[in-house]
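A.B. asks: Here is the input, now give the coordinates:
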Amino acid sequence: MELIDFLRQTQAEVRERINNPDSASPYEELVFTEIVMQHMADIGMTFEPATCHHEARFGNAILRLSGYALSDDTDQLDLFVSLYSGTDDLKSIPDSETKKAAEQCLRFLKGCAEGKLVKNMDESNEAYALALKIQQCYPNLDQIRIYILTDQQVKSKNFASRELDGKTIKLEVMDIERLYHHWAEGKPRDEIAVNFMEVAGSALPCIYVPSEMSDYDYALTVIPGEVLRFVYEKYGARLLEANVRSFLNVTGKVNRSIRDTLMKDPEHFMAYNNGIVILADEVRLEKTASNIPGILWMKGMQIVNGGQTTASIYFTKKKGEVLDLLEK
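C.D. replies: Have a look, this model is predicted:
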């Protein structure tokens, strides 16, 4: 399937839903928003999403919002703005337009965080409950992202992060081309690329075993706990195969044991929790300072065994526990 075919298939799905008598929304833009957000939730890029259309003038500024997703712990927030054209032909949209939409959504977030929006918004407004929720949970938010969704093509998929009241706001674009790579080519995990020189300071020394009997090779290495925490913070559940995505907390008996080892018996952490298995579509090796093989980077990284260990490291540190993850 070519990109143009995928675009037309997507537009056909939007129109089919609009024409469905049971459709919850009469607006094509919101249907498109719903389709894209649900895809992102299905692959672990975001949380359970909801559409929420809001476009209004606030002072001298325009505010825009199409949907949102808030984590169960209300510590991670994603906001979505759609730039939907309904076109059946491939068209480009300038970065200036996507940046403008991101700024409009950022103003909505700022108005919520400062409590000004709720004061000037009617309670019957569709976005009122969300604005109130953001105002209440903003001090505890650890991650905030704004996504621009569009059925057109853009040059830049990421923009420089912004700072708002001491918090970093990440800005990304999900255009039709990026969607195509996710759906039509089935490669959403291609976006998961980890350069260990950048996150660990060097390639990871390893024992490398080329396979003579199969179509994949093997490598055994030790990944510092801080590196696992950083990678999980960046990619979240997208790192995990579907059978372990439901973990995401430390309430179970096994997960509490992992947490307790991290806190009380760190020198034995590797011995007790050494079952991390990672698959990668591409791996680059280079010699380390000791002239042995080292893993420089991985692309298409997926944790197929050890999801509990990885998530436990992240959530235990996130809850403010004092951990020296460089020793794990």
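
A.B. asks: alpha carbons only for contacts and neighbour counts from here, please
C.D. replies: Will do.

A.B. asks: Report the central residue of the protein.
C.D. replies: Centre of the chain computed as the mean C-alpha position; nearest residue by C-alpha atoms, centre = their mean is residue 45, 3.7 Å away.

A.B. asks: Name the SS class of that one, please.
C.D. replies: When states are read from DSSP: H, G, I helix; E, B strand; the rest coil, the local structure at residue 45 comes out as coil.

A.B. asks: can you pull out the strands in the stretch 1-150 of the chain?
C.D. replies: Remark: strands assigned in the stretch 1-150 of the chain by DSSP state E, counting those that start in this stretch are 49-58, 61-70, 76-83, 143-150.

A.B. asks: what's in contact with the first one?
C.D. replies: Residues outside strand 49-58 that contact it (C-alpha atoms under 8 Å, 6 or more residues apart in numbering): 30, 33-34, 37-38, 41, 62-70, 126-127.

A.B. asks: filter those to the buried ones?
C.D. replies: Buried by 16 or more other C-alpha atoms under 10 Å: 30, 33-34, 37-38, 41, 62-70, 127, out of the contacts of strand 49-58.

A.B. asks: contacting residues for the closest residue to residue 276 other than its chain neighbours?
C.D. replies: Leaving aside its chain neighbours, residue 276 sits nearest to residue 306 (4.2 Å; criterion: C-alpha to C-alpha, 6 or more residues apart in numbering). Listed by C-alpha under 8 Å, 6+ apart, the contact set of residue 306 reads 275-277.

A.B. asks: related to what we said a few turns ago, could you find the lowest-pLDDT member of the buried ones among the contacts of strand 49-58?
C.D. replies: Least confident of those in the model: residue 41, at 88.

A.B. asks: can you tell me which residues contact it?
C.D. replies: Counting by C-alpha under 8 Å, 6+ apart, residue 41 touches 47-49.

A.B. asks: Tell me how far residue 96 lies from residue 155.
C.D. replies: Separation of residue 96 from residue 155 (C-alpha to C-alpha, to the nearest Å): 10 Å.

A.B. asks: same thing with residue 145?
C.D. replies: Using C-alpha to C-alpha, we find residue 145 at a distance of 19 Å from residue 155.

A.B. asks: Tell me where the stretch 201-328 of the chain has helices.
C.D. replies: Listed in chain order, the helices of the stretch 201-328 of the chain (DSSP state H, counting those that start in this stretch) span residues 225-235, 253-264, 269-272, 307-318.

A.B. asks: Good, wrapping up.
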